[in-house]
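Novice: Kindly return the folded structure for what I paste below:
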Amino acid sequence: MNLRLALGLMVCVFLAGCEIPAQTFWSPDGTKAAYAAPSDKDSPAMMIDESGKVLANLGESSGGFAWSADSKRLYFTRSGRDTDTKIELKGEWLNVSPEEIPAAENNEDNPFTICVYENNKATPLFTIDRGPAWYMAISPDQNWLAVAATAVSGKEANINALYAYCIASKRVYPLSVGGPVGFCFTGPNRLAFIEPEKVKKDNSPGFGQLVEVQLVDKAEKPERHGLQVVIIFGASWLQAAGEDILFSSIAYSFPGPVPKDAADLPSKIFRYSRAQNTVKPLVDDAFEYFAVSPDGKRVLCATPAKGANDTKPTKLSVLDLATGAVHPLRDLNSTVKVGAEQFQGMPAYATWRNNEQFTFTAPIDPNKPPTVQDGRFPVDLVLYGLSADYKVTPIRTLSESWPAEVKPSIKKENK
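Specialist: Got it, this is the predicted structure:
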């Protein structure tokens with residue numbers, strides 16, 4: 001995975017009806033960013049330059065962007081059917097047979113279209129009838145586009161699906177059903193994700209496995225390698241750090257059944273070492289989503305995940321992968337508290353532009369916690385500089401001139 005695409009992070013427990021907050025994806029050269037500010041499933045997406053100027057309106061999107069290595073092409077998802085080119089999936093799912101996929105409780109057609117923006121023009125490529133799409137990434141060799149989307153909508157949870165699109169042949173291959181949305185490319189044609197032991201219709205924790213597949217452009221199941229047993233809970237996330245894989249879980253391995261209190265256990269960030277075939281915990285209490293810097297040396301995260309109170313505030317932090325040290329950057333309790341009964345998501349808006357700069361959604365008035373107005377927080381997307389001694393300095397407010405409808409927003413989880 002091109003790590004400059006360090007995700008504009010998605011914050012949602014992936015229950016039926018939930019929305020994802022703002023996503024920001026910087027181009028590899030750092031001159032442009034793709035941005036979507038969901039306030040519902042169909043939210044405005046656009047391209048901006050490094051000053052925040054809007055370069056292109058991309059239409060309504062549920063999420064998902066991927067830049068080509070030369071920064072000239074942007075792949076993105078657009079809500080709805082924008083083309084008559086409906087893709088017929090090639091091959092079979094890796095972890096289930098079609099009859100094992102739970103039937104949809106909500107049969108409403110909810111398609112999304114994969115598009116590419118190049119030479120000041122957006123071109124639709126193909127449509128998948130089930131959506132919405134959540135996250136997308138392109139392989140380092142530019143051969144493959146991986147897309148995570150909702151395959152089945154139900155009352156208790158959405159069942160997610162992972163697809164691989166071969167850019168050269170324009171074929172789409174089904175990979176996995178029922179796992180979390182997170183995945184990452186770990187090398188040319190090599191994709192890592194968490195695969196569930198069994199597909200469930202609810203959001204309860206369960207066993208899964210961290211796996212890698214070598215993608216091939218033919219209707220045969222790709223070579224699959226199981227790496228580690230993990231517990232899937234809600235929104236486990238993955239990112240590549242060089243040849244290694246960082247992932248979030250409440251634990252990566254258990255000798256017995258899933259603990260009854262698994263849903264209440266703190267999320268941890270682990271590092272899978274390819275060279276040693278071992279897993280090491282990096283952060284013991286952190287928000288599920290995190291972003292790895294382009295050089296693979298540092299990680300933006302929110303710690304502790306549920307401590308946002310006066311005595312133990314949640315902080316935006318940077319993890320140094322070489323030393324293992326976690327450097328707090330700023331408190332987040334003035335932005336929004338993170339907890340099961342409160343709004344979630346603002347700490348995870350951080351995303352790298354380069355190794356010394358990142359963007360973060362900040363309240364317009366830092367002395368006042370933002371209040372919800374028509375499903376929106378009064379916040380701005382701000383570009384920050386990060387010094388060698390971990391001091392944070394605001395550089396510019398990218399969203400200063402944006403209309404209100406495209407500024408960051410988040411809604412409360414639907415009950």
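Novice: pull the CA atoms of the helix or strand of the chain with the lowest mean pLDDT into PDB?
Specialist: Ranking every helix and strand in the chain by mean pLDDT, DSSP states H and E puts strand 357-363 at the bottom, with a mean of 82. Output of strand 357-363 as PDB, limited to C-alpha atoms (Å, rounded to 0.1, in the frame of the first residue of the first chain):
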ATOM      1  CA  GLN A 357       2.600  17.300   8.400                       C
ATOM      2  CA  PHE A 358      -0.800  15.900   9.100                       C
ATOM      3  CA  THR A 359      -4.400  17.100   8.800                       C
ATOM      4  CA  PHE A 360      -6.800  17.000  11.700                       C
ATOM      5  CA  THR A 361     -10.400  18.100  12.300                       C
ATOM      6  CA  ALA A 362     -10.300  20.700  15.100                       C
ATOM      7  CA  PRO A 363     -13.100  22.700  16.800                       C
END
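Novice: roughly how far is it from the heart of the chain?
Specialist: Here the centre of strand 357-363 is set off from its chain's centre by 17 Å, with CA atoms, centre = their mean, to the nearest Å.
Novice: Can you list the strands that it pairs with?
Specialist: strand 351-352 (antiparallel), strand 379-386 (antiparallel) (DSSP bridges).
Novice: On the pLDDT front, check Glu413 for me.
Specialist: On the pLDDT scale, Glu413 is placed at 41.
Novice: Likewise for Val336?
Specialist: Confidence at Val336, expressed as pLDDT, is 44.
Novice: Over to the one 3 residues further on?
Specialist: Gly339 is assigned 37 on the pLDDT scale.
Novice: model confidence over stretch 149-169, on average?
Specialist: Mean predicted confidence for stretch 149-169 is 80.
Novice: Can you list the buried residues in that stretch?
Specialist: Within stretch 149-169, the residues that qualify as buried are 149-154, 157-167, counting by 16 or more other CB atoms under 10 Å. In short, each C-beta sits where N, CA and C put it, glycine included.
Novice: what do you get for stretch 170-181?
Specialist: Arg171, Val172, Tyr173, Pro174, Leu175, Ser176, Val177, Gly178, Gly179, Pro180, Val181.
Novice: State the pair within those residues that is farthest apart.
Specialist: Spatially, the most separated pair among the buried residues of stretch 170-181 is Arg171 and Pro180, at 25.0 Å (CB to CB).
Novice: pull the CA atoms of stretch 283-292 into CSV?
Specialist: Output in CSV follows, covering the C-alpha atoms of stretch 283-292 (Å, rounded to 0.1, in the frame of the first residue of the first chain):
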residue,chain,number,x,y,z
VAL,A,283,-0.2,0.3,22.5
ASP,A,284,-2.4,-1.2,25.2
ASP,A,285,-5.4,1.2,25.1
ALA,A,286,-6.0,2.9,21.8
PHE,A,287,-8.8,3.9,19.4
GLU,A,288,-9.2,1.2,16.8
TYR,A,289,-8.2,3.4,13.9
PHE,A,290,-4.7,4.7,13.3
ALA,A,291,-2.5,6.1,10.5
VAL,A,292,1.0,5.1,9.6
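Novice: Please give the centre-to-centre distance between it and its chain.
Specialist: 12 Å.
Novice: returning to what we had before: most tightly packed of the strands paired with strand 357-363?
Specialist: Burial of these is given as mean neighbour count (mean count of other CB atoms under 10 Å); strand 351-352 ranks first at a mean of 25.
Novice: Ala133 and Ser62 touch, don't they?
Specialist: Yes. Ala133 lies in contact with Ser62 (CB atoms under 8 Å); the separation is 5.7 Å.
Novice: After the helix or strand hosting Tyr163, which helix or strand is next? Please name it.
Specialist: In this structure, Tyr163 sits in strand 158-166 according to DSSP states H and E. Elements were assigned by DSSP H and E; along the chain past strand 158-166, the next helix or strand is strand 171-177.
Novice: mind checking how far that following strand is from the chain centre?
Specialist: 18 Å.
Novice: Tell me the strands beside the helix or strand just after it, with direction?
Specialist: Toward the C-terminus, strand 171-177 is succeeded by strand 183-187 as the next helix or strand (DSSP H and E). Here strand 183-187 has these sheet partners by DSSP bridges: strand 190-196 (antiparallel).
Novice: which ones are touching Glu243?
Specialist: If you count contacts by CB atoms under 8 Å, 6 or more residues apart in numbering, Glu243 has them with Thr186, Gly187, Arg274, Ala275.
Novice: quick one: the second one and Glu212, what's the gap?
Specialist: What it means is Gly187. According to CB to CB, to the nearest Å, Gly187 stands 9 Å off from Glu212.
Novice: what's the answer for the last one, then?
Specialist: Applying CB to CB, the value for Ala275 to Glu212 is 15 Å.
Novice: So the two - more neighbours on which side?
Specialist: Glu212 (21 against 8; other CB atoms under 10 Å).
Novice: Low-confidence stretches in the stretch 51-200 of the chain?
Specialist: Counting by pLDDT under 70, the stretch 51-200 of the chain has low-confidence residues at 85-86, 102-109, 153-157.
Novice: can you do 80?
Specialist: For the stretch 51-200 of the chain, the stretches with pLDDT under 80 are 62-63, 82-89, 98-110, 129-132, 151-158, 200.
Novice: So the closest residue to Tyr163 other than its chain neighbours, which state does it fall into?
Specialist: Spatial nearest neighbour of Tyr163, excluding adjacent residues (CB to CB, 6 or more residues apart in numbering): Val147 at 4.8 Å. With DSSP: H, G, I helix; E, B strand; the rest coil as the basis, Val147 sits in strand.
Novice: Where among the strands paired with strand 357-363 is average confidence lowest?
Specialist: Among these, strand 379-386 scores lowest, with a mean of 88.
Novice: Tell me who's in contact with the closest residue to Ala164 other than its chain neighbours.
Specialist: With CB to CB, 6+ apart as the criterion, Ala164 has its nearest non-adjacent residue at 4.7 Å, and that residue is Tyr173. Tyr173 makes contact with Leu89, Lys90, Gly91, Tyr163, Ala164, Tyr165, Cys166, Leu215, Ala219, Pro222 under the criterion CB under 8 Å, 6+ apart.
Novice: Over to Leu386?
Specialist: Neighbouring residues of Leu386 by CB under 8 Å, 6+ apart: Val318, Leu329, Glu356, Gln357, Phe358, Val392.
Novice: let's see 6 Å
Specialist: Contacts here follow CB atoms under 6 Å, 6 or more residues apart in numbering; on that basis Leu386 touches Glu356.
Novice: Please consider this matter closed, and thank you.
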